[in-house]
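> just to be clear, the model below is a prediction. Sequence and coordinates:
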Amino acid sequence: MKGVNVASAPHPVSQVEFMRTLRRTLRIPIGLPATALMVKIGARVLMRTDPELVLYGRYVKSERLDDEGFEFRYKTVTEALKGIFG
């Protein structure tokens, strides 16, 4: 492969589904919701990124990686989080 590749997950999920899966993987029974204002402040101050990425999200998939025959080690968010956190 040459050039720039967008390495996005093969099966994107919503932020709600990601956090639900993360809590389940880490065995955290509940999660407290964050308000839009909290996300805006946290994204700008702590992460130095655009809060819209968290608030509205983007469902993207890398066609180029598919075309090149790249295979992800973890096909789903559940598999990836279990691989990271055991």
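Okay, I see it.
> in the chain, which residue is closest to the centre?
Nearest residue to the geometric centre of the chain (CA atoms, centre = their mean): residue 18, 6.5 Å.
> residues in contact with it?
Counting by CB atoms under 8 Å, 6 or more residues apart in numbering, residue 18 makes contact with residue 77. (Glycine included, C-beta is placed from N, CA and C.)
> so is it in a helix, a strand, or just coil?
helix (DSSP: H, G, I helix; E, B strand; the rest coil).
> what about the helices in this protein?
Using DSSP state H, the helices of the chain run over 15-26, 36-42, 52-55, 63-68, 77-85.
> could I get those as TSV with mean pLDDT and distance to residue 6?
Shown next, in TSV, are the helices of the chain (pLDDT from 0 to 100; distance: least, CB to CB, whole Å):
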stretch	mean pLDDT	distance to residue 6
helix 15-26	92	18
helix 36-42	91	23
helix 52-55	78	14
helix 63-68	84	7
helix 77-85	94	17
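> between those, which gets nearest to residue 9?
When the helices of the chain are compared by CB to CB, helix 77-85 sits nearest residue 9, at 6.9 Å.
> and that closest one, what does it pack onto?
If you count contacts as 3 or more CB pairs under 8 Å, 6 or more residues apart in numbering; DSSP states H and E, helix 77-85 packs onto helix 15-26.
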